[in-house]
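Student: The following block contains a protein sequence and its predicted model.
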Amino acid sequence: MQRKPAAVVLLLVVGGLVLSGALGGTADDPAAEGVSAESLIAVEGEHDLWPYTSRRRSVSGRTLAMNVVFRDDAGTVRAALTGDGGSAWEVTDDAEREADGDLVADAVGREWRDADGSTRYSYFEGADGGEWTTVAFEVHDGAYLGSRDHVRAYESPDAAYTAVQVHEEYYDWFRLRHTVSSIDDPAVRLEDDFIDAPVSAEVRREYRGIDGGRSDGWLSVIEIAVLLPLAGTLVRRRTREALAEAARRLRREAGRHARVAVLGGVLAGAFLAVRTTGVAIELAYPGVPPKAIAAPLYLVIAAGLPALVALGARRSDPAAAFLGVTAGLGAGFVLDFAALGVAVPPGLIVHRAAVLVALGLLAAGRAAGDRPVLVSGVVAWLVALFLPLADVI
């Protein structure tokens, strides 16, 4: 490869990374600082709700829209979700007490647990003015370093209702933070949790015209009539489709170029091992902060993947090296997303493609002994690492 083509490819990679930031950004923050009366919705009691969460005590930090409202106080909602056996259940006789005990035991086996997340605020307004509040509780179903349904609950000042923002997210090892993939699907799963479980609850949907924050305008409204702990586990409706065509291509290339095919498989395995190792450590040692687990594992991606390419691509055909690296690691990306069962934002698809091209250039340059191509791959790789960490993507 010559210098001019290498420079052109490098520019394309950098351009793709910048484009991925444009496609994968979060919802636009509103410019106004005050909460307008038009943006508030009436739910229950004496306080209206601003149906969003915010990074700060201002509408300028708006993030995701509220998608579920419980016409109950936060303590009741949390107990229903987690099966908290310490709650003050109303028991009238010994037989009923025994039955309730069995239900509590079943509910404790659920996956909803206390969650860690970034600080988010919401806003309530009553006759005496408005106030910004933090979460009343935060729970999740899943693994911090894998994928999860994440609930943030906000109780109205008069405890007449609890507004919930539930979203599906997965831990992105390039961004070292979570990426939200959906707010609609987890809201449906939360609805089903109350529809299917042994709890007397009214579940319905109301169109409120909520604009922005990934909302489709609809709000799920749940009213728990008789509080009993929920039993069973959340049935996830996540697809785990495998990419058979990618696997077939890898097998064909393995027959022709065994060395680079093995390299591609090693890269895919290393990337998938980061996810599985992180989740395994998180589950085995729940007291360890997830970010403390993620930090050393990130080095496997940042330094380990290019090191494997540099070692494995020597004395290989440059074109085969490029194909083996991009196909192998690309299959790893696909399998990772498939195992998580999440929808992938377009911006991250562009970013992952640019990452593959960057390592492919590094492999081709190493195989051909072409310094300009090798340097182009290294620069593209560093840019691919920097932009997600800078929250551009």
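Tutor: Arrived safely.

Student: Please state the backbone phi and psi of residue 134?
Tutor: When read as degrees, to the nearest 10, the backbone of residue 134 gives phi -100, psi 180.

Student: Was I right to think it contacts residue 121?
Tutor: Yes - counting by C-beta atoms under 8 Å, residue 121 is a contact partner of residue 134 at 6.0 Å. From N, CA and C alone the C-beta is placed, and that goes for glycine too.

Student: out of the two, which sits in the more crowded spot?
Tutor: Between residue 134 and residue 121, residue 121 has the larger neighbour count (other C-beta atoms under 10 Å), namely 21 against 12.

Student: so what's the more buried one up against?
Tutor: Contacts for residue 121 (C-beta atoms under 8 Å, 6 or more residues apart in numbering) come out as 53-57, 61, 132-134.

Student: As a markdown table, those residues with pLDDT would be great.
Tutor: Formatted as a markdown table, the contacts of residue 121 follow (pLDDT from 0 to 100):
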| residue | pLDDT |
| --- | --- |
| 53 | 97 |
| 54 | 97 |
| 55 | 95 |
| 56 | 94 |
| 57 | 95 |
| 61 | 94 |
| 132 | 97 |
| 133 | 96 |
| 134 | 96 |
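
Student: Just the buried residues out of these, in ChimeraX syntax.
Tutor: Applying 16 or more other C-beta atoms under 10 Å to the contacts of residue 121, the buried members can be selected in ChimeraX as follows:
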select :53,54,133
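
Student: Inside strands: which ones of the contacts of residue 121?
Tutor: Among the contacts of residue 121, the members found in strands (DSSP state E) are 53-54, 132-133.

Student: Closest one to residue 295 out of the residues you listed, please.
Tutor: Checking the ones in strands among the contacts of residue 121 against residue 295 with C-beta to C-beta, the nearest one is residue 53 at 26.8 Å.

Student: any idea how far the closest one lies from residue 224?
Tutor: 23 Å (C-beta to C-beta, to the nearest Å).

Student: and what of residue 133?
Tutor: 21 Å.

Student: what do you get for residue 159?
Tutor: 14 Å.

Student: How about residue 328?
Tutor: Distance from residue 328 to residue 224, counting by C-beta to C-beta: 50 Å.

Student: Between those two, tell me which one has more neighbours.
Tutor: The residue with more neighbours, out of residue 328 and residue 224, is residue 328; 26 against 19, by other C-beta under 10 Å.

Student: in which helix or strand would I find the closest residue in space to that one that isn't next to it in sequence?
Tutor: Closest residue in space to residue 328, ignoring its immediate chain neighbours: residue 264 at 1.9 Å, by C-beta to C-beta, 6 or more residues apart in numbering. Following DSSP states H and E, one finds residue 264 within helix 258-284.

Student: Work out the gap between that helix and the centre of the chain.
Tutor: Counting by C-alpha atoms, centre = their mean, to the nearest Å, helix 258-284 is centred 20 Å from the centre of its parent chain.

Student: could you pull out the strands for the stretch 51-200 of the chain?
Tutor: 62-65, 68-70, 112-114, 121-126, 129-133, 137-142, 147-155, 162-172, 177-182, 200-207 (DSSP state E, counting those that start in this stretch).

Student: any residues touching the second one, and which ones?
Tutor: Same thing as strand 68-70. 43, 49, 76-77, 153, 161-166, 187, 190-191, 219-224.
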